[in-house]
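[1] take a look and give me a structure for this.
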Amino acid sequence: MLDFVIFAVTFVVILVGAVLYLYPSSRRASGIPGLNPTEEKDGNLQDIVNKGSLHEFLVGLHDQFGPVASFWFGGRPVVSLGSVDQLRQHINPNKTTDSFETMLKSLLGYQSGSSAGATETVLRRKMNESAINTTLKNNFPLLLKLVEELVTKWQSYPESQHTPLCSHLLGLAMKAVTQLALGDRFRDDAEVIRFRKNHEAIWSEIGRGYLDGSMDKSANRKGHYDSALADMESVLKSVVRDIKGHGSGQSSFIDSLIQAKVSEKQVMEDAMVFTLAGCIITANLCTWAVHFLSTAEDVQEKLLKEFTEVLGEGPVTLEKIPELKYCQQVLNETVRTAKLTPIAATLQEIEGRVDQHLIPKETFVIYALGVVLQDGDTWPLPYRFDPDRFKEESSRKSFSLLGFSGNQACPELSFAYMAATVLLSSLVRRLKLHGLDRQVVEARYELVATPKDDTWITVSSRE
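    Numbering: from 1, shown residues only. Predicted coordinates for the structure are as follows:
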């Protein structure tokens, strides 16, 4: 069981939970270049741990073996695809599940999409997307209010004051996600603080404790994690019961799920996944976007020009957001440059080919998104933050192919784009953003790419 748990988190968004138990191991030789197992029991697991993350391991793997490469987990071969051309060739009919959601549900012990029927999975995803869209439509003024409170706070700072992006924007994401998803109860700061405490305990262990098996070796840490998860589930169940009995006071995400007449257990699980993933993706998309803008004055000015032309003096609206093309380019380039979600994966349900390579049925196939997003053949000058690259249709198509836009984007990322657009539309029109001299920002690659340490900026008023 420990091997499965280590593998599950190391593989970040892989459909491991159901697969290891529902499908037999495949030991067919694929002939794909790659690493031999370092250890018979664990395959190349220790190599991954030594590199620090699966993403960093895959960078080295593809540097050594090219865009199609293989490695081993225990007795199972794993194939990794590290370029747009190879991903485009990979035809896999199992595209009905959201790999991020499936990964979280496996770790949390919930039924994953891979263990449900395809039709049920599609319907459930569409229901959640509809619930999020309804929530945003009915609660957009609340999102505006939360953003304005933060921007007003920053505007009050002296120009010399250093502003910590990670902590402030995680706070914004926590308030936005909990209040929009769970209702009026989370307008109480004490409830948000309780949620944040549990969220941090759960997410930190998912990110690191399972990676090396260290949590299972510490009774205190395991107990802390289990307690936080149980308390979070208890709160969510209580919210569901309260809304069923009295309503939420607003049209929240949970309201929409309840109206869809799904079970209380399903409502709780879907709310858990959305709040856990929604908070961390929203916080980090906003953090990386503001950080990159603080180092690119020309991009700030282009954004300001677009906001002024499209919005005038008024606040952003849902109806106007599709007109903010350059803002969309900025957020796309933020996701690309930060490698926001560096890994995706699926199961090869039928035998297939990529180039001349045969991929046997029931092989794990990794989409090395972090490698692809830095591929110079697809993205000229890949380490430069350049939103203008998304003027090109070819760039937009490649980005969509990777699942970051269009129908394949996960609901949590779609929510994060909306929240980040609201933030930037207020922030850039009221403040200039300045990076700190000699600040080096390094990323930690787990489920989501996060700055290793808090990231700092200073601001000055445009007035």
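
[2] report the mean confidence score over the helix or strand harbouring residue 289.
    Assessed by DSSP states H and E, residue 289 sits inside helix 264-294. For helix 264-294, mean pLDDT is 94.

[3] next: stretch 57-68.
    The model assigns stretch 57-68 a mean pLDDT of 96.

[4] likewise stretch 423-441?
    pLDDT averaged over stretch 423-441 gives 96.

[5] do stretch 185-197 as well
    91.

[6] renumber starting at 32 from here on
    Sure, I'll start numbering at 32, so the last one becomes stretch 216-228.

[7] tell me which residues of that stretch are tucked away?
    For stretch 216-228, burial by neighbour count (16 or more other CB atoms under 10 Å) applies to 216-217, 222-223, 226-227. Backbone N, C-alpha and C define where each C-beta goes, glycine included.

[8] what two of these are the furthest from one another?
    By the measure CB to CB, 216 and 227 form the most distant pair in those, at 14.6 Å.

[9] quick revisit: what sits up against the helix or strand following the helix holding residue 320?
    The helix or strand immediately downstream of helix 295-325 is helix 328-342, counting by DSSP H and E. Applying CB atoms under 8 Å, 6 or more residues apart in numbering, the contact partners of helix 328-342 are 323-324, 347, 351, 354-358, 361, 416, 418, 455-456, 459-460, 463-464.

[10] can you list which of the buried residues of stretch 216-228 are found in helices?
    222-223, 226-227 (DSSP state H).

[11] could you look up the SS state of residue 181?
    Following DSSP: H, G, I helix; E, B strand; the rest coil, we place residue 181 in the helix state.

[12] how about the closest residue in space to it that isn't next to it in sequence, secondary structure?
    What sits nearest to residue 181 in space, not counting adjacent residues and going by CB to CB, 6 or more residues apart in numbering, is residue 203, at 5.3 Å. Per three-state DSSP, the secondary structure class of residue 203 is helix.

[13] list the contacts for residue 203?
    177-178, 181, 314, 317, 450, 454 are the contacts of residue 203 under CB under 8 Å, 6+ apart.

[14] mind putting those in a markdown table, neighbour count and distance to residue 398 included?
    Shown next, in a markdown table, are those (neighbours: other CB atoms under 10 Å; distance: CB to CB, whole Å):
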| residue | neighbour count | distance to residue 398 |
| --- | --- | --- |
| 177 | 20 | 34 |
| 178 | 25 | 33 |
| 181 | 18 | 34 |
| 314 | 27 | 24 |
| 317 | 29 | 25 |
| 450 | 26 | 25 |
| 454 | 26 | 29 |
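
[15] so what's the residue count around the closest residue in space to residue 409 that isn't next to it in sequence?
    Computed as CB to CB, 6+ apart, the closest residue to residue 409 that is not its neighbour in sequence is residue 115, at 4.9 Å. A count of nearby residues for residue 115, using other CB atoms under 10 Å, gives 21.

[16] residue 310 too?
    27.

[17] how close does residue 376 sit to residue 434?
    Counting by CB to CB, to the nearest Å, the separation of residue 376 from residue 434 is 11 Å.

[18] shared neighbours of these two, anything?
    Common neighbours of residue 376 and residue 434 (CB under 8 Å, 6+ apart) are residue 398.

[19] who's more crowded, these two?
    The neighbour comparison of residue 376 against residue 434 (other CB under 10 Å) goes to residue 376, with 25 against 21.

[20] run the chain-centre distance for the helix or strand hosting the more buried one.
    Assigned by DSSP H and E, residue 376 belongs to strand 375-378. How far strand 375-378 lies from its chain's middle: 15 Å, per CA atoms, centre = their mean, to the nearest Å.

[21] for it, C-alpha coordinates in PDB please.
    The C-alpha trace of strand 375-378 is given here as PDB (Å, rounded to 0.1, in the frame of the first residue of the first chain):
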ATOM      1  CA  ALA A 375      -0.900  14.800 -16.700                       C
ATOM      2  CA  ALA A 376      -1.400  11.200 -17.400                       C
ATOM      3  CA  THR A 377      -3.800   8.500 -18.600                       C
ATOM      4  CA  LEU A 378      -4.100   4.800 -19.100                       C
END
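
[22] strand partners (parallel or antiparallel) of it?
    Sheet pairing of strand 375-378 (DSSP bridges) gives strand 395-398 (antiparallel).

[23] one step back: what's the closest of the buried residues of stretch 216-228 to residue 81?
    residue 227 (32.6 Å).

[24] so who does that closest one touch?
    With CB under 8 Å, 6+ apart, residue 227 has these contacts: 201-202, 205.

[25] what about the strands in the stretch 332-481 of the chain?
    Taking DSSP state E, counting those that start in this stretch as the test, the strands found in the stretch 332-481 of the chain are 375-378, 383-385, 388-390, 395-398, 462-466, 474-476, 480-482.

[26] so for the second one, what gets flagged as buried?
    Right, the one you point to is strand 383-385. Buried residues in strand 383-385 (16+ other CB under 10 Å): 383, 385.

[27] pull the residues that contact it.
    Against strand 383-385 from outside (CB under 8 Å, 6+ apart): 99, 110, 112, 117, 120-123, 389-390.

[28] show me the shaky parts of this protein.
    Applying pLDDT under 70 to the chain flags residues 32-61, 122-134, 137, 142-152, 238-248, 278-281, 437-439.

[29] try 50
    32-60, 123-125, 127, 145 (pLDDT under 50).

[30] need the residue closest to the centroid of it.
    residue 312 (4.3 Å; CA atoms, centre = their mean).

[31] mind listing what residue 222 touches?
    209, 216, 266.

[32] ok, now residue 179?
    So residue 179 contacts residue 457 (CB under 8 Å, 6+ apart).

[33] any idea how far it is from residue 460?
    11 Å.

[34] likewise residue 301?
    35 Å.

[35] could you do residue 222 as well?
    Going from residue 222 to residue 460 by CB to CB gives 31 Å.

[36] my guess is residue 451 contacts residue 314, does it?
    No: assessed by CB atoms under 8 Å, residue 451 is found out of contact with residue 314, at 10.0 Å.

[37] other SSEs contacting the strand or helix carrying residue 91?
    Element membership for residue 91 (DSSP H and E) is helix 85-96. Using 3 or more CB pairs under 8 Å, 6 or more residues apart in numbering; DSSP states H and E, the elements in contact with helix 85-96 are helix 76-82, strand 99-104, strand 107-112, helix 400-403, strand 474-476.
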